[in-house]
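**Q** give the three-dimensional model of this entry:
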Amino acid sequence: MPGFEIFSDEERREVNDVLETGVLFRYGFDAQRKGRWKAKTFEKEFADRVGVPYAHLCSSGTAALVIALAACGIGAGDEVIIPPFTFVASFESVMAAGAIPVFADIDETLCLDPKSVEKAVTERTKAVVPVHMCGSMAQIDALKDLCDQKGLILVEDACQSVGGAFKGQALGTFGKAGCYSFDAVKTITCGEGGGVVTPFKEVYEKIDQFADHGHDHIGNDRGLEGHPITGLNFRISELGAAVGLAQLRKLDKILEIQRSNKSRIKEAMTGLNGVTFRTLPDPDGDTATFLTFFLPDEDQARECAGQLAKAGVGGCPYWFDNNWHYIRAWDHLKQRSFPSRQTLELVDTAPDYANMDLEQSHKVMGRTISMQIMLGWTDQDIDDRIAKIRQVFGT
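**A** Next up, the predicted model:
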């Protein structure tokens, strides 16, 4: 899965390009950089790749979410519906906007259940942020229809699903804005990095400005640039952008390897006692970063996860207990352990996060195991893994 598995001369050449100019900052220094603009080039190639006119490269996937919410006008007191299975950045970003995270259940796609989202909508709801988890997609068509019917803003979190698609359309391009992560363990990496895309010029202009202290980037004299809005610093360096540019050009190769490796293991696991697989709304658009499967109940899933680890089948997270990605372990949110006074301390309509009814999600996650699909596996590695899996299942 991680792009760092296939670092090679392409990444080194792009980084050396930057070092030869001495310009690590993504803006300005036009003469010194000798026409080498790594962040700008990444943005152009990524926008072309996903089929939208505008893309902005930033410092992280978290930054991408913060930027997108701000650019879409989401702010103080607005409710934003998100899933309980995601990375903590989802609710952190909503809170950073001054808005209120509201959780709706997931289904066996491991993503937001449109029916649960509809039940969670109130007069204060401003946006829905579906998260395309573990390389595959939410029911994005149904969620988009719901947002259109209710007049809600759709902001996609495709941080874990770069390269994925639904019926031929890139994940991250169905809403007002879409967000991606290019961190150290993502499918393609900048080391640390993220991106935001949008089809709307007016939204892009705010994205571009907000990510750099409100600068409008008009002209070639940074000291004379205007400040149409206030913003923050979410800039990426040219070094990170250089690595990401080389990785982006390998994305098709990465997806091909992942899909082949996943297919072999899934085929071998099909028919194993008690095993069923995650629902994929569009199997052809799956990036294959994970093979996710279900056991009949929580006890069997826990036992299986332990046996897989004991047998040497690594990279199989049991998300139900994970403190980064599932709400059960987010005690800091439930206890409102904030470093300073934040929105949720001031708004009496905020949910009681310690006592939410997410039984549907718990039933799904309690049965779920995911297997990370690696790029560096040899044929023998896959054969050995399959043999160990079959041993665990007694076949």
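
**Q** was I right about residue 137 contacting residue 278?
**A** No - assessed by CB atoms under 8 Å, residue 137 is found out of contact with residue 278, at 10.9 Å. Backbone N, C-alpha and C define where each C-beta goes, glycine included.

**Q** quick one: the strands in the stretch 201-350 of the chain?
**A** With DSSP state E, counting those that start in this stretch applied, the stretch 201-350 of the chain shows strands at 276-277, 290-294, listed in chain order.

**Q** can you spell out which helices and strands pack onto the longest one?
**A** Think strand 290-294. Where contact means 3 or more CB pairs under 8 Å, 6 or more residues apart in numbering; DSSP states H and E, strand 290-294 is packed against helix 251-269, strand 276-277, strand 368-372.

**Q** got the contact list for that strand?
**A** Under the contact criterion CB atoms under 8 Å, 6 or more residues apart in numbering, strand 290-294 has outside partners 1, 108, 110, 134-136, 262, 265-266, 269, 275-278, 301, 364, 367-373.

**Q** go again with 6 Å.
**A** By CB atoms under 6 Å, 6 or more residues apart in numbering, the residues outside strand 290-294 that reach it are 134-135, 262, 265-266, 275-278, 367-372.

**Q** now swap in stretch 189-204 and tell me
**A** By CB under 6 Å, 6+ apart, stretch 189-204 touches 3-4, 50, 52, 54-58, 60-61, 63-64, 67-68, 71, 172, 177-183, 207, 236, 240, 243-244, 247.

**Q** now do it: distance from first to last residue.
**A** The first and final residues of stretch 189-204 sit 23 Å from each other (CA to CA, to the nearest Å).

**Q** and that stretch, how far from the chain's centre?
**A** Centroid displacement of stretch 189-204 relative to its chain, using CA atoms, centre = their mean, to the nearest Å, is 12 Å.

**Q** among the contacts of strand 290-294, which one has the most neighbours?
**A** Among the contacts of strand 290-294, residue 135 has the most neighbours (other CB atoms under 10 Å), with 29 neighbours.

**Q** phi first, then psi, for that one.
**A** phi 90, psi -10 (degrees, to the nearest 10).

**Q** right, and it touches residue 285 too?
**A** No - Residue 135 lies out of contact with residue 285 (CB atoms under 6 Å); the separation is 9.9 Å.

**Q** what residues sit buried inside the worst-scoring helix or strand of the chain on mean pLDDT?
**A** Least confident helix or strand, the chain: helix 343-346 with a mean of 86, by mean pLDDT, DSSP states H and E. Neighbour-count burial for helix 343-346, counted by 16 or more other CB atoms under 10 Å, picks out 343, 344.

**Q** downstream of that helix, the next helix or strand is which one?
**A** Per DSSP states H and E, the first helix or strand lying C-terminal to helix 343-346 is helix 359-365.

**Q** now do that next one, average pLDDT.
**A** When pLDDT is averaged along helix 359-365, the result is 98.
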